[in-house]
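K.L.:
Output the structure for:
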Amino acid sequence: MLRSSQNLALHLAAVRTRIAGAASSAGRSADSVTLLAVSKGQPAESIRVAASAGLTDIGESYLAEALGKMDALGDLPITWHFIGRLQANKTRHVAERFAWVHGLDRLKIAERLAAQRPFHAPALNVCLQVNLAGEESKGGVPAAEVPDLAAAVAALPRLALRGLMCIPPAESDPGRQREWFARLRALRDSLNAGGLALDTLSMGMSGDFEAAIQEGATIIRVGTAIFGNRR
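P.N.:
Numbers count the residues shown, from 1 in each chain. Below is the predicted model of the structure:
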C-alpha cells in the first residue's frame, strides 16, 4: 500500500507540474484549471489515496462501479462527475448523486435529469459533449446541432448548463491537438455571443491536456497519468 501511495503521489506531482507549465505558457494561472481524476477501473482505496493528496474532483464512467465507490468513500469531500455515455434507464441515480454530467448529447436525457434532480439539491452542472470530427465510435452532438440543444437544455429547471466537452481524435502533434481544442473554444464563444454564459471547457486527457490548457480548458480529465493503467 505504501509503495502504491508513493507512486500515485509522484504521478500526481508530475501531472501538476505539467499543468503549471502549460498554464504558464498560456499566460494563465494553474488554479484556473480543475484537475478531474478519472478513476474508472480503479479501486476505491486508490481514490482515497488521491483525495489524501489533495484531489477533490473524481470522474466515473460506469454507474454501478461509481455507486459502490461513492458509498465506500462517503466520508470524503469529493465532487463526483459522471463522464460516460448516459443511458435513459440510469439517469435517476446520476441526477440524485452526482454534481456534474459531462457527456450530455441528447435532450431526452437532459429532460430526465431535470425531472429527477432532487428539489433540495443544487442545480446539476452539465456540459454538452460535441463530436468534433463526426466519429461514429464516439458520443456527442455534431457542432452544427449544438446551438439548438444548448438553448433547450439551458431552459430546463434544476440543470445548470456550464459548458462544452469533447474527446477529439487522437493526435500526437501538439499543433493538431490544439486545432481540435480551439474548435471547441470557438463554439463556446459563439454560444456566449448568442446570449449564453458558458464558463466551462471540459477537454484534454492524459496525452494532450497541455494543448487543451493552452486553448482554454477549465477542466481536464486525467486518469492513466495519475493512477496508471486500469486494473
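K.L.:
only C-alpha atoms for contact and neighbour calcs from this point on.
P.N.:
Fine.
K.L.:
report the longest helix in this protein, please.
P.N.:
Counting by DSSP state H, the longest helix found in the chain is helix 2-25.
K.L.:
where in the chain is pLDDT low?
P.N.:
Within the chain, the ranges that satisfy pLDDT under 70 run 1-3, 230-231.
K.L.:
ranges for the strands of it?
P.N.:
Assigned by DSSP state E, the strands in the chain fall at 34-38, 57-60, 79-82, 100-104, 124-130, 159-166, 200-202, 219-222.
K.L.:
Any chance of those in CSV with distance to residue 25 as columns?
P.N.:
Output for the strands of the chain, formatted as CSV (distance: least, Cα to Cα, whole Å):
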stretch, distance to residue 25
strand 34-38, 17
strand 57-60, 24
strand 79-82, 28
strand 100-104, 27
strand 124-130, 26
strand 159-166, 22
strand 200-202, 18
strand 219-222, 17
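K.L.:
for the longest helix of the chain, packing partners?
P.N.:
In terms of contacts (3 or more Cα pairs under 8 Å, 6 or more residues apart in numbering; DSSP states H and E), helix 2-25 is packed against helix 44-52, helix 209-214, helix 224-227.
K.L.:
can you do 7 Å?
P.N.:
With contacts taken as 3 or more Cα pairs under 7 Å, 6 or more residues apart in numbering; DSSP states H and E, helix 2-25 sits against helix 209-214, helix 224-227.
K.L.:
Determine which stretch of those is the most buried.
P.N.:
Burial of these is given as mean neighbour count (mean count of other Cα atoms under 10 Å); helix 209-214 ranks first at a mean of 26.
K.L.:
Phi and psi next, for residue 223.
P.N.:
The phi and psi values for residue 223, taken as degrees, to the nearest 10, are phi -120, psi -70.
K.L.:
swap that for residue 218, please
P.N.:
According to degrees, to the nearest 10, residue 218 has phi -110, psi -20.
K.L.:
Spatially nearest residue to it (excluding sequence neighbours)?
P.N.:
In space, and not counting its chain neighbours, residue 218 is closest to residue 33: 4.6 Å by Cα to Cα, 6 or more residues apart in numbering.
K.L.:
Residue 101 and residue 118, how far apart?
P.N.:
For residue 101, the distance to residue 118 equals 15 Å [Cα to Cα, to the nearest Å].
K.L.:
So for those two, which sits in the more crowded spot?
P.N.:
More crowded of residue 101 and residue 118, by other Cα atoms under 10 Å: residue 101, with 28 against 16.
K.L.:
Is the more buried one bridged to anything, and to what?
P.N.:
Counting by DSSP bridges, residue 101 is bridged to residue 82, residue 126.
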